[in-house]
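*Asks:* what's the 3D shape of this:
(chains A and B)
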Amino acid sequence: DAGITQSPRHKVTETGTPVTLRCHQTENHRYMYWYRQDPGHGLRLIHYSYGVKDTDKGEVSDGYSVSRSKTEDFLLTLESATSSQTSVYFCAISESTGRSFEQYFGPGTRLTVT
Amino acid sequence: GQNIDQPTEMTATEGAIVQINCTYQTSGFNGLFWYQQHAGEAPTFLSYNVLDGLEEKGRFSSFLSRSKGYSYLLLKELQMKDSASYLCAVRDGGGATNKLIFGTGTLLAVQP
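*Replies:* Residues are numbered from 1 along each chain as shown, chains lettered A, B, ... in the order given. Model prediction:
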């Protein structure tokens, strides 16, 4: 299994508060991604990173920001949490070697915004 | 637009064979992935197809027809532990960013 951890694994927060989720990898993979998973929508890409300090937006980036100051850590920040951001958040990593560049997923963070 | 369609739910019997279909319409195509996701867990990689044809890996096989925008995942000798969601995903375009577009998943229930 790829060495990916996410913290916290569960969080309950109030509307309007900032929240930061952390993804940590021990694989030294170049590419990292943040997804959210909601019933009826599947996995949707929020932001991704293609190197240290190199990030870009995905399809559902509004209300989220990211930072990657070192290869192993990719942080997702909800600047002012809203109830619509209640979701399960998955981090994933991949490397640009091999045939398929498949993504490996972390265990997920269940976030509830009340 | 980007669209990936899968059946929402399927039911099959232990020991049988089940085929899960996926159709896609995307602006670019650079490979199709199948992932398995058990309830409350992370998705795990099952298969990858980029050329037309069948890829076999143990009890699981995946087929791709690029001209038809169609793929299927075939699960043989079903076991109770195969009860899970199966996610179809398309890599949209080439380059190193490797962005995936996911379908909503097919929830497979394997019954005794």
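
*Asks:* Can you tell me the closest non-neighbouring residue to residue A:12?
*Replies:* Spatially, and ignoring its direct neighbours in sequence, residue A:12 is nearest to residue A:112 (4.6 Å; CB to CB, 6 or more residues apart in numbering or on different chains). The way it works is simple: take the backbone N, C-alpha and C, and place the C-beta from them, glycine included.

*Asks:* hang on, isn't residue B:13 packed against residue B:108?
*Replies:* No - if you go by CB atoms under 8 Å, residue B:13 and residue B:108 don't touch, sitting 11.5 Å apart.

*Asks:* More neighbours: which of those two?
*Replies:* residue B:108 (21 against 11; other CB atoms under 10 Å in any protein chain shown).

*Asks:* What parts of chain A come near chain B?
*Replies:* Residues of chain A that fall close to chain B, judged by CB under 8 Å from any CB of the partner chain: A:31, A:40-45, A:48, A:50, A:56, A:58, A:90, A:94, A:96, A:99-108.

*Asks:* Go ahead and build a ChimeraX selection from the buried members of those residues.
*Replies:* A single ChimeraX command selects the buried members of the residues of chain A next to chain B (16 or more other CB atoms under 10 Å in any protein chain shown):
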select /A:31,42,43,44,45,48,50,58,90,94,101,102,103,104,105,106,108
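
*Asks:* Which of the residues of chain A next to chain B fall within strands?
*Replies:* Secondary structure from DSSP state E places A:31, A:42-45, A:48, A:50, A:56, A:90, A:94, A:104-105 of these in strands.

*Asks:* Okay, and the beta partners of the residue nearest to the spatial centre of chain A?
*Replies:* For chain A, residue A:34 is the residue whose C-alpha lies nearest the centre (CA atoms, centre = their mean; 2.6 Å). Beta-bridge partners of residue A:34, counted by DSSP bridges, are residue A:47, residue A:91.

*Asks:* contacting residues for residue 106?
*Replies:* Chain wasn't specified; assuming chain A. By CB atoms under 8 Å, 6 or more residues apart in numbering or on different chains, residue A:106 lies in contact with A:4-6, A:23, A:90-92, B:42.

*Asks:* you looked at the wrong chain, it should be chain B
*Replies:* B:6-10, B:20, B:85-88.

*Asks:* tell me the mean pLDDT for stretch A:16-27?
*Replies:* Regarding stretch A:16-27, the rounded mean pLDDT is 97.

*Asks:* quick one: residue B:2 and residue A:59, what's the gap?
*Replies:* Using CB to CB, to the nearest Å, we find residue B:2 at a distance of 8 Å from residue A:59.

*Asks:* go on, residue A:44?
*Replies:* Using CB to CB, we find residue A:44 at a distance of 6 Å from residue A:59.

*Asks:* What is the burial count for the residue nearest to residue A:12?
*Replies:* Neighbours around residue A:112, by other CB under 10 Å: 13.
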